[in-house]
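**Q** here you go, sequence then predicted model.
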Amino acid sequence: MLPTFSRKILFSLGLISTFGTAYAQQNDGDPVETKSPNSSYQSAFKGQTRIAGVKTKAAVSATVIATDLKSPFGLRVLPDGRFLITEKGGTMRILKANGQADKTITGLPAVVFQGQGGLLDVNLDPAFASNRMLYWDYAEAGAGGYVLAIAKGKLAADETKIENIQVIYRNSPGYSGTLQYGSRILFDKQGNLFVSTGERSGADIRMKAQDLGASIGKVIHITKEGKPVAGGPFAGKTGALPEIFAYGFRNPEGMDWNPVTGELWEAEFGPRGGDEINIIRAGKNYGWPVITYGIEYSGSKVGDGIQQKDGMTQPVYYWDPSISPAGITFYTGNAIAEWKNNLFVGGLGGSHIARLVILNDKVVGEERLFKDKGERWRALVTGKDGNLYGVTDSGKLYRIGK
């Protein structure tokens with residue numbers, strides 16, 4: 001018989017049933033990834049990749065409740081339970097809680113809807129219920145090339161336009177390519193913004209992810225006016241942008257707050273392999289493109305082909321082959337008890353949702369859900385009803401639950 005403490009841990013992970021009987025993990029605990037990795041690189045610690053598979057005990061399903069979205073990217077829940085969704089072409093949509101169309105928001109600043117650019121993430125001011133302020137980011141054309149711009153404005157009473165729009169921040173440098181803008185927006189407890197930025201992909205610019213004088217390939221921390229939050233880790237450092245909170249990222253399309261620890265978690269694309277889950281901490285260097293568990297799309301190594309280096313932070317978890325992780329969310333609902341505080345990762349190339357069981361800042365179990373749908377999962381969120389919701393590149397909104 002397991003000790004009571006051990007049994008409680010196993011129960012919390014979904015590895016033991018409510019009746020106290022251990023149930024079989026996927027393939028008796030084998031990893032859910034069955035394909036060979038792209039490289040022979042060795043992980044830095046046990047469990048950093050290909051952790052044992054787990055299975056949800058409850059019968060869950062993914063139900064399509066909307067089908068006419070156009071290249072959705074951002075997904076948020078309004079205070080009344082409706083959904084606010086960005087479409088990369090430059091509009092926002094409001095859908096009712098049941099998925100029915102409600103409002104279309106137009107008149108936003110022009111976006112560069114090319115490659116991976118367009119209207120990207122959106123988030124609600126923490127005081128949205130009273131001030132109706134929205135914050136969003138998008139690809140914008142500028143003199144030096146395309147940049148990621150962050151704007152804010154007030155949702156009008158008729159919910160078809162945004163009033164008093166202001167661009168509060170533009171990242172730098174601009175670049176002619178249209179790939180890898182990154183881009184998720186979160187608010188901290190003080191009402192300031194964390195924004196993830198991609199390094200724009202090109203071999204001639206990717207090293208800017210290591211440059212503290214550039215804001216691409218970073219997680220930045222700014223006020224609602226677009227100014228650096230005071231006391232940042234690089235404030236006062238010569239040649240460094242004071243808004244930089246962390247650096248060394250490739251294409252970070254996922255960020256969320258861990259509800260257990262309160263820390264900021266991030267997901268990003270590698271090239272061939274090397275997709276990462278990271279815990280974002282002030283001043284840390286996450287290594288790209290100096291260290292990575294991925295290889296170039298050509299099959300050659302990235303840089304010197306190293307995976308570890310002093311002063312550079314290891315990912316909590318990585319995938320090889322890639323699943324192309326996009327939006328992430330920690331499940332905070334009550335509809336599926338065994339999912340509580342698990343991290344859900346939308347897979348694009350992987351065409352599934354990855355469920356990661358977290359314990360003490362480590363991934364201790366992985367499940368792949370809804371691969372049969374054949375969807376590219378762009379963003380995920382917990383709804384007011386406690387179900388999980390997700391938008392896909394095919395233009396669908398799914399309700400996921402019992």
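**A** Now that the structure is in, tell me what you want to look at.

**Q** do you know how far the spatially closest residue to Gly107 that is not a sequence neighbour is from Leu134?
**A** If the residues on either side of it in the chain are set aside, Gly107 comes closest to Lys161, at 4.8 Å by C-beta to C-beta, 6 or more residues apart in numbering. C-beta coordinates here come from the backbone N, C-alpha and C atoms, glycine included. Going from Lys161 to Leu134 by C-beta to C-beta, to the nearest Å gives 11 Å.

**Q** now Pro31
**A** According to C-beta to C-beta, Pro31 stands 41 Å off from Leu134.

**Q** neighbour count winner among Lys161 and Leu134?
**A** Leu134 (23 against 18; other C-beta atoms under 10 Å).

**Q** that one touches Asp121, doesn't it?
**A** No. Using C-beta atoms under 8 Å, Leu134 makes no contact with Asp121, being 10.9 Å away.

**Q** pLDDT below threshold where in the chain?
**A** Applying pLDDT under 70 to the chain flags the ranges 1-28.

**Q** what are the phi and psi angles of Ala240?
**A** Ala240 adopts backbone torsions of phi -110, psi 140, taken as degrees, to the nearest 10.

**Q** residues near it, how many?
**A** So Ala240, with other C-beta under 10 Å, has 16 neighbours.

**Q** residues in contact with the residue nearest to Gly107?
**A** Counting by C-beta atoms under 8 Å, 6 or more residues apart in numbering, Lys161 makes contact with Ile105, Thr106, Gly107.

**Q** now, which of these lie within strands?
**A** Counting by DSSP state E, these place Ile105 in strands.

**Q** any chance of CSV for the contacts of Lys161, columns distance to Lys70 and neighbour count?
**A** Shown next, in CSV, are the contacts of Lys161 (distance: C-beta to C-beta, whole Å; neighbours: other C-beta atoms under 10 Å):
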residue, distance to Lys70, neighbour count
Ile105, 13, 24
Thr106, 13, 10
Gly107, 16, 13
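
**Q** Throw the contacts of Lys161 into a markdown table and include distance to His352, thanks.
**A** Below are those laid out as a markdown table (distance: C-beta to C-beta, whole Å):
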| residue | distance to His352 |
| --- | --- |
| Ile105 | 31 |
| Thr106 | 33 |
| Gly107 | 36 |
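
**Q** state the next helix or strand along the chain beyond the one helix or strand Val147 maps to.
**A** Per DSSP states H and E: Val147 is located in strand 145-155. Remark: after strand 145-155, the chain's next helix or strand is strand 162-170, criterion DSSP H and E.

**Q** show me what that following strand is packed up against.
**A** Secondary-structure packing of strand 162-170 (3 or more C-beta pairs under 8 Å, 6 or more residues apart in numbering; DSSP states H and E): strand 133-142, strand 145-155, strand 218-222.

**Q** out of those, nearest to Arg250?
**A** With respect to Arg250, and counting by C-beta to C-beta, the nearest of these is strand 218-222 at 11.3 Å.

**Q** that closest one to strand 162-170, inter-axis angle?
**A** 120 degrees (axes from the mean of the first three to the mean of the last three C-alpha atoms, to 10 degrees).

**Q** now do the helix or strand just after strand 218-222: everything it contacts.
**A** As assigned by DSSP H and E, the chain's next helix or strand after strand 218-222 is strand 244-247. The contact list for strand 244-247, computed with C-beta under 8 Å, 6+ apart, reads 194, 209-210, 212, 215, 217-221, 232-234, 280-286.

**Q** what residue lies at the spatial centre of the chain?
**A** Most central in the chain under C-alpha atoms, centre = their mean is Gly254, positioned 0.9 Å from the mean C-alpha point.

**Q** now that one: which helix or strand?
**A** strand 251-257.

**Q** now that strand: how far from the chain's centre is it?
**A** Counting by C-alpha atoms, centre = their mean, to the nearest Å, strand 251-257 is centred 3 Å from the centre of its parent chain.

**Q** cool, and stretch 138-157?
**A** So, by C-alpha atoms, centre = their mean, the centroid of stretch 138-157 is 20 Å from its chain's centroid.

**Q** and it, end to end?
**A** Start-to-end span of stretch 138-157 (C-alpha to C-alpha, to the nearest Å) is 23 Å.

**Q** quickly note the distance from Pro228 to Trp257.
**A** According to C-beta to C-beta, Pro228 stands 21 Å off from Trp257.

**Q** from one end of stretch 55-72 to the other, what's the distance?
**A** Termini of stretch 55-72 sit 29 Å apart (C-alpha to C-alpha).

**Q** and it, which residues are buried?
**A** Within stretch 55-72, the residues scored as buried using 16 or more other C-beta atoms under 10 Å are Lys55, Val60, Ala62, Ile65, Ala66, Leu69, Ser71, Pro72.

**Q** which one of the contacts of Lys161 sits closest to Gly99?
**A** Among these, and counting by C-beta to C-beta, the member closest to Gly99 is Ile105, at 17.4 Å.

**Q** residue contacts, Gly327?
**A** By C-beta under 8 Å, 6+ apart, the residues touching Gly327 are Leu75, Arg184, Glu253, Gly254, Gly346, Trp377, Arg378, Ala379, Leu380.

**Q** just put those residues in CSV and tack on distance to Gly239 and secondary structure.
**A** Output for the contacts of Gly327, formatted as CSV (distance: C-beta to C-beta, whole Å; DSSP: H, G, I helix; E, B strand; the rest coil):
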residue, distance to Gly239, secondary structure
Leu75, 37, strand
Arg184, 27, strand
Glu253, 28, strand
Gly254, 29, strand
Gly346, 36, strand
Trp377, 39, strand
Arg378, 36, strand
Ala379, 35, strand
Leu380, 38, strand
